[in-house]
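Peer 1: Mind folding the following:
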Amino acid sequence: MKNDIPFISSPIKDYYQGDIVRLGLYLQHQYRNFVDTQRPFLIPSYARLAPLFIASCWKFGIPFWIVPDDWERVIPGEIIKKINPAGTFSDEILDSALKDSAISKVSFPSIPPEAIFGYFLTSGTTGMPKVVALKRRQMEAAATASALNFKPQENEQWLLCLPLNHVGGVSVVLRSLIYGSRLFDARLATTDELCSYLSTPSSISFTSMVPTQLNAMLNAEPGLKVHESFKAILLGGGPADSSLIEKARSNRIPVLRSYGMSETCAQLFAMPLSSVFNEPAESSGLILIGNKVEIRNPDSDGIGELWVKGPQVIDSYFFNENESIVFDDSGWFLTGDFARLDDSNRIFIEMRREDRIVTGGENVNPAEVEQAIQSYFGIDEAVVIGLPDNHWGQIVVAVVTDDSVTLSKISERLKPHLESYKIPKKIVTVSTIPRNEMGKVMRKELLSMIGW
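Peer 2: The predicted structure is shown next:
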């Protein structure tokens with residue numbers, strides 16, 4: 001893997017920029033029969049050339065879909081059929097293309113702002129992922145708003161350590177390309193290596209990570225330190241205990257909590273960089289310029305439904321199913337999260353989506369895990385919840401009424417069928433599952449029953 005990827009958007013003047021052109025011309029040729037279809041090319045997330053693939057697709061206006069390495073097993077066939085990729089690529093194919101493609105004088109195409117640049121999957125409540133098809137204007141708006149906070153410079157690097165099948169990782173690549181700044185690809189780095197990258201004097205100024213990564217780095221020996229020119233760690237991807245941020249700040253490590261999702265083209269709220277050590281550790285910051293926020297149906301503590309609107313927020317889902325639930329007549333989007341605003345309009349996320357668990361930056365749909373437990377153990381009742389955890393943010397916990405379901409059996413039976421992060425880390429047995437008159441699990445009562 002090339003660990004130093006210098007993206008300098010104009011003029012194209014160095015080796016890696018030459019590769020962007022070579023690969024872009026090859027992909028453009030391959031895409032010639034699909035120009036008006038918006039069907040994406042597909043490549044696995046941890047492919048060595050995935051960042052180059054993303055950059056070339058962006059420059060030449062070709063949609064892409066970055067998928068997990070085991071995508072054929074974990075992505076439902078119905079989703080693959082509906083997105084209908086125009087082609088699938090690997091490092092071997094791209095390496096061959098780079099060797100065979102000559103650089104010619106190139107004029108980058110003019111690409112409509114409404115064109116889809118990438119496809120992303122986000123967890124749904126029914127077990128079937130929702131498909132977010134993000135448009136160029138949304139990415140450009142997100143990059144512009146983020147730049148007003150972080151003020152990236154051409155000589156600065158953003159360290160990439162997030163998987164590219166999530167919008168958070170892709171946005172690091174595309175922001176670097178749009179800004180004309182640099183990207184340091186560390187997707188496969190160990191915890192110790194990441195600590196070394198951030199502590200050694202260099203042009204690395206920023207990185208984005210999830211709480212699990214930050215926790216591991218803070219607990220590493222001899223511990224995380226950052227060099228004097230380092231500006232900030234942008235922390236997102238799920239709940240983070242405030243003690244994690246406070247621990248980092250006590251060691252003079254600048255950590256900015258943020259909030260975003262695929263539907264908002266990554267971060268929509270972020271702490272101001274200018275006051276990194278003075279912001280409340282519990283806050284996810286201010287909404288990025290150009291966007292709007294509303295808290296609807298607040299309770300006595302001001303906590304209510306989080307609605308957002310703005311140029312980086314999606315207009316609709318790719319399949320257009322049940323849109324009336326999450327979009328109102330004025331184009332506001334219901335995130336599904338519960339939050340409050342303080343007097344300075346800082347956002348505090350009080351509860352992530354009621355049905356969603358975020359563990360180590362990965363989204364888990366409880367319904368999918370519940371169905372698997374019921375199916376493979378032949379039981380009628382299983383409720384899957386997320387409980388706070390300092391390392392993972394949340395851990396997946398299964399609550400069952402059958403004491404024959406043990407943790408070892410859960411791991412053994414579900415491992416062939418679910419990704420490892422979806423398999424429960426804890427089993428709790430109760431006599432009955434509390435439900436209301438409509439049969440819905442009363443989660444507050446359930447948490448009380450198991451001592452939370």
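
Peer 1: who are the neighbours in contact with residue 298?
Peer 2: 304, 340 (CB atoms under 8 Å, 6 or more residues apart in numbering). No exception for glycine: its C-beta is placed from N, CA and C like everyone else's.

Peer 1: Try it again at 10 Å.
Peer 2: Contact analysis of residue 298 by CB atoms under 10 Å, 6 or more residues apart in numbering lists 304, 305, 338, 339, 340, 341.

Peer 1: number of nearby residues for the third one?
Peer 2: Meaning residue 338. Around residue 338 there are 20 other residues, counting by other CB atoms under 10 Å.

Peer 1: Stretch 415-430: how far from the chain's middle?
Peer 2: 22 Å (CA atoms, centre = their mean, to the nearest Å).

Peer 1: quick one: buried residues of that stretch?
Peer 2: Neighbour-count burial for stretch 415-430 flags 418, 421, 422, 423, 424, 425, 427, 428 (criterion: 16 or more other CB atoms under 10 Å).

Peer 1: Need the distance between the two termini of that stretch.
Peer 2: Using CA to CA, to the nearest Å, the end-to-end distance of stretch 415-430 comes to 24 Å.

Peer 1: Which helix or strand contains residue 205?
Peer 2: Secondary structure from DSSP states H and E places residue 205 in strand 204-209.

Peer 1: after that strand, next one along is what?
Peer 2: Past strand 204-209, the next helix or strand by DSSP H and E is helix 211-218.

Peer 1: per-residue confidence averaged over that following helix?
Peer 2: For helix 211-218, the mean per-residue pLDDT is 90.

Peer 1: Enumerate every residue touching the residue lying closest to residue 445 once chain neighbours are set aside.
Peer 2: Nearest residue to residue 445 in three dimensions, chain neighbours excluded: residue 434, at 4.2 Å (CB to CB, 6 or more residues apart in numbering). Applying CB under 10 Å, 6+ apart, we find residue 434 in contact with 383, 440, 441, 442, 443, 444, 445, 446, 447, 448, 449.

Peer 1: right, and the last one touches residue 433 too?
Peer 2: Yes: using CB atoms under 10 Å, residue 449 makes contact with residue 433 at a distance of 9.0 Å.

Peer 1: and residue 100, how far is that from residue 26?
Peer 2: 8 Å (CB to CB, to the nearest Å).

Peer 1: for residue 356, same thing?
Peer 2: The spacing between residue 356 and residue 26, counted by CB to CB, is 39 Å.

Peer 1: same question, residue 119
Peer 2: Counting by CB to CB, the gap from residue 119 to residue 26 is 21 Å.

Peer 1: cool, residue 84 as well?
Peer 2: Separation of residue 84 from residue 26 (CB to CB): 21 Å.

Peer 1: between those two, which one's more packed in?
Peer 2: Neighbour totals were compared for residue 84 and residue 26, and residue 26 leads with 20 against 11 (other CB under 10 Å).

Peer 1: Local confidence estimate at the more buried one?
Peer 2: pLDDT recorded at residue 26 is 92.

Peer 1: would you say it is within a strand?
Peer 2: No: per DSSP: H, G, I helix; E, B strand; the rest coil, residue 26 lies outside any strand segment and is helix.

Peer 1: Only whichever of the contacts of residue 298 are buried, select them in ChimeraX.
Peer 2: Buried subset of these, written as a ChimeraX selection, criterion 16+ other CB under 10 Å:
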select :304,338,339,340,341
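
Peer 1: Roughly how far does the nearest residue to residue 297 once chain neighbours are set aside sit from residue 340?
Peer 2: Counting by CB to CB, 6+ apart, the nearest residue to residue 297 once its immediate chain neighbours are dropped is residue 304, at 4.8 Å. Distance of residue 304 to residue 340, computed by CB to CB: 7 Å.

Peer 1: what sits in contact with each of these two?
Peer 2: With CB under 10 Å, 6+ apart as the test, residue 304 and residue 340 both reach 295, 298, 350.

Peer 1: re the thing from before, anything in contact with each of residue 449 and residue 433?
Peer 2: Common contacts of residue 449 and residue 433, defined by CB under 10 Å, 6+ apart, comprise 399, 442.

Peer 1: coming back round to it: listing partners with orientation, what would you give for the strand holding residue 205?
Peer 2: Strand 204-209 sits in its sheet next to strand 157-160 (parallel), strand 232-235 (parallel), going by DSSP bridges.

Peer 1: Those strands: which one's closest to residue 35?
Peer 2: For the strands paired with strand 204-209, the distance to residue 35 is smallest for strand 157-160, at 29.7 Å, taking CB to CB.

Peer 1: Can you show me the CA trace of stretch 37-50 as PDB?
Peer 2: The C-alpha trace of stretch 37-50 is given here as PDB (Å, rounded to 0.1, in the frame of the first residue of the first chain):
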ATOM      1  CA  THR A  37     -27.500   5.000 -16.100                       C
ATOM      2  CA  GLN A  38     -25.900   6.000 -12.800                       C
ATOM      3  CA  ARG A  39     -24.900   2.400 -12.200                       C
ATOM      4  CA  PRO A  40     -21.800   2.300 -10.000                       C
ATOM      5  CA  PHE A  41     -18.600   0.400 -10.300                       C
ATOM      6  CA  LEU A  42     -17.900  -1.700  -7.200                       C
ATOM      7  CA  ILE A  43     -14.700  -2.400  -5.300                       C
ATOM      8  CA  PRO A  44     -14.000  -4.000  -1.800                       C
ATOM      9  CA  SER A  45     -13.300  -1.500   1.000                       C
ATOM     10  CA  TYR A  46      -9.800  -2.700   1.900                       C
ATOM     11  CA  ALA A  47      -8.500  -3.000  -1.600                       C
ATOM     12  CA  ARG A  48      -5.100  -1.400  -1.800                       C
ATOM     13  CA  LEU A  49      -6.100   1.000  -4.600                       C
ATOM     14  CA  ALA A  50      -9.500   1.900  -3.200                       C
END
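
Peer 1: ok, and for that stretch, which residues are buried?
Peer 2: Neighbour-count burial for stretch 37-50 flags 38-50 (criterion: 16+ other CB under 10 Å).

Peer 1: Filter these down to just the ones in strands.
Peer 2: 41, 42, 43, 44 (DSSP state E).

Peer 1: okay, those in TSV with distance to residue 390 and pLDDT next?
Peer 2: Shown next, in TSV, are those (distance: CB to CB, whole Å; pLDDT from 0 to 100):
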residue	distance to residue 390	pLDDT
41	40	97
42	36	97
43	35	97
44	31	96
